[in-house]
Every structure is written in structure tokens, then in C-alpha cells.
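[1] here is a sequence together with a model predicted from it:
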Amino acid sequence: MIDIHAHVLPGLDDGPANMDESLALARAAVEDSIHVVVASPHMLDGVYNTSRAEVFAGVAELNDTLKEHGIRVSVLVGADVHAETELPRLLREGELITIADLGKHLMLELPSDVVPRDLDQLLFSLQLQGVQPIVSHPERNRVIQEDPAELLPLVQVGCLTQVTASSIVGEFGTHVQDCARELFERRLVHLIATDMHGVHRRRPRLSQAAARAMEWMGREEAYVILEVNPQALLRGEHIDAPEPVQPRPRRKWFFW
């Protein structure tokens with residue numbers, strides 16, 4: 001499988017602290033049936049000052065070390081870019097890193113407690129430059145948890161979404177898991193990724209999430225999310241999201 005969102009580079013953000021931890025995480029990814037990883041360190045989040053040069057150097061060093069240790073996983077460049085108003089300018093100036101640096105898809109991280117007021121304008125500005133935004137882990141945003149329909153306008157203007165595997169299997173709690181399930185039911189999920197950080201914290205659980213996604217939406221639609229769409233990203237192809245639907249009301253039981 002392909003993991004399009006992973007914090008696997010050593011010493012750049014809150015992922016692995018050193019190369020040994022990166023190698024351990026890569027081994028865990030292989031055990032989870034992952035053979036391609038997009039390194040996605042935080043950028044512009046106000047905490048980590050990760051630069052484009054550091055990401056490229058880190059990916060090159062990690063790939064060389066993986067080969068030396070016989071770990072069969074390939075790492076590509078990418079970033080989890082915090083949503084801010086300067087993104088269109090930074091994109092034009094070549095400061096940002098799109099998935100595999102193909103200039104076609106940008107991983108966009110929202111604040112955890114709000115949906116920015118001018119987010120639709122920001123997304124439109126990115127799309128004018130030929131970039132399709134991907135909102136990372138929307139199920140962990142408090143506004144979307146309260147009303148998953150908040151995500152609908154973003155998808156309707158061509159934005160994609162990526163839900164975290166650990167959210168699907170319940171690692172972040174039932175509230176986040178319930179939100180993830182409702183996003184699946186509304187057909188508002190287009191990609192699943194690990195967002196892995198380490199072997200002891202947020203380890204890769206893509207295989208478990210894949211099995212749960214098949215239960216929630218069926219094999220054919222899950223296959224598109226797990227295989228077809230990630231492969232399209234690595235080819236730099238635009239992804240047309242399916243038409244969202246209203247979820248069916250769940251049956252309520254009353255007892256006397």
C-alpha cells in the first residue's frame with residue numbers, strides 16, 4: 001500500500017528523533033504492508049521551521065540508509081502544510097512541497113479547533129495554480145466533529161480529504177471515530193493515511209483501517225480510496241471526488 005502522509009524523517013518535527021527511530025518506523029510500515037511512504041513533516045505550523053531543503057536532504061539520506069539496511073520501502077518528499085493566507089504566494093515562489101514534488105497536490109492541515117473563515121478563497125487560489133488541496137485529518141477538527149457537513153463546501157469546490165488510519169480504528173477515541181465514520185457515510189473521504197509518528201506513538205495502522213473501511217463502505221469504494229487514488233497522486237493526476245450523499249439515519253431503539 002501507499003502511505004501519503006507520514007512523519008518519518010528524523011529530527012525535523014514531532015516524528016522520529018533520530019535515524020534509528022526512523023528505521024524502526026520504516027520496518028513497522030513494511031510490516032503493515034506499506035511499500036511507499038510520502039514524508040510529510042509539518043510546515044508553517046508555528047512550531048517547526050521545516051524548510052524545503054531540509055525535507056529533500058532528509059528524504060535522500062533516509063532512502064540511502066533504508067537501502068543499506070535492506071528495508072524495502074521507498075520514501076518520497078511531501079509536507080503537511082498548515083493553512084495560512086500566504087500559501088498561494090509561497091507556492092508561486094517554490095517554497096512549499098507538494099506530494100512527490102509534482103506540483104499537483106498539497107497536503108493542507110487545518111487548525112484543530114476552527115475552520116478558517118476564508119478557507120474557500122485560499123483553496124481557490126491554490127487551484128488557480130493547478131494544485132488540488134488535500135485536507136488532512138478533518139475528523140480531528142472540532143468544528144467538523146460537531147457538524148461533518150462543514151466539510152461539504154470544501155469537497156464541492158474540488159478539495160480532497162484524507163482521514164487518519166488511527167482515527168478509523170478508534171485510537172483517538174470514539175468521538176473522533178464516530179466523526180470518521182460519518183464522513184465515510186457521506187462519501188466525504190477520498191484517501192486514508194497513517195500520519196505515523198513513531199513505533200510507540202501513532203504507529204502505522206493502515207491495514208486495520210483498510211479492513212474497517214471495507215466494512216463501512218464496501219470493497220469497491222474502499223479499493224478506490226486505498227489503491228486507486230494514492231496511485232493517481234503519485235502520477236500527478238487530478239482526482240474527481242464522488243458526489244457526497246446524505247447519511248442514512250441510524251435506527252434508534254427504545255426500551256421500556
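    Noted; the coordinates are in hand. Values in this document were obtained by computation on a predicted structure and should not be read as measured data. Numbering: from 1, shown residues only.
[2] now the helices: where do they sit in the stretch 1-150 of the chain?
    Taking DSSP state H, counting those that start in this stretch, the helices of the stretch 1-150 of the chain run over residues 19-31, 52-68, 87-92, 119-128, 142-146.
[3] most tightly surrounded among those helices?
    Comparing the helices of the stretch 1-150 of the chain by mean neighbour count (mean count of other C-beta atoms under 10 Å), helix 19-31 ranks first with a mean of 19. (Glycine included, C-beta is placed from N, CA and C.)
[4] packing partners of that helix?
    Helices and strands touching helix 19-31, by 3 or more C-beta pairs under 8 Å, 6 or more residues apart in numbering; DSSP states H and E, are helix 52-68.
[5] give me the low-pLDDT residue ranges for this structure?
    The chain contains residues with pLDDT under 70 at 247-256.
[6] at 80 instead, please
    Low-confidence segments of the chain (pLDDT under 80): 246-256.
[7] the strands in it, which residues?
    Using DSSP state E, the strands of the chain run over 2-6, 36-39, 42-43, 74-76, 80-82, 105-109, 132-136, 160-164, 191-193.
[8] now mean neighbour count too, for the ones you listed, in a markdown table please.
    Listed next are these as a markdown table, based on neighbours: other C-beta atoms under 10 Å:
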| stretch | mean neighbour count |
| --- | --- |
| strand 2-6 | 26 |
| strand 36-39 | 25 |
| strand 42-43 | 23 |
| strand 74-76 | 20 |
| strand 80-82 | 24 |
| strand 105-109 | 25 |
| strand 132-136 | 25 |
| strand 160-164 | 25 |
| strand 191-193 | 27 |
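[9] okay, the helices of the stretch 1-150 of the chain in TSV with distance to residue 192 next?
    Output for those, formatted as TSV (distance: least, C-beta to C-beta, whole Å):
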stretch	distance to residue 192
helix 19-31	14
helix 52-68	22
helix 87-92	24
helix 119-128	21
helix 142-146	16
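[10] for residue 238, which of those is the nearest?
    helix 119-128 (10.1 Å; C-beta to C-beta).
[11] rewinding a little: and residue 113, which of the helices of the stretch 1-150 of the chain is closest to it?
    Nearest to residue 113, of all those, is helix 142-146, at 4.8 Å by C-beta to C-beta.
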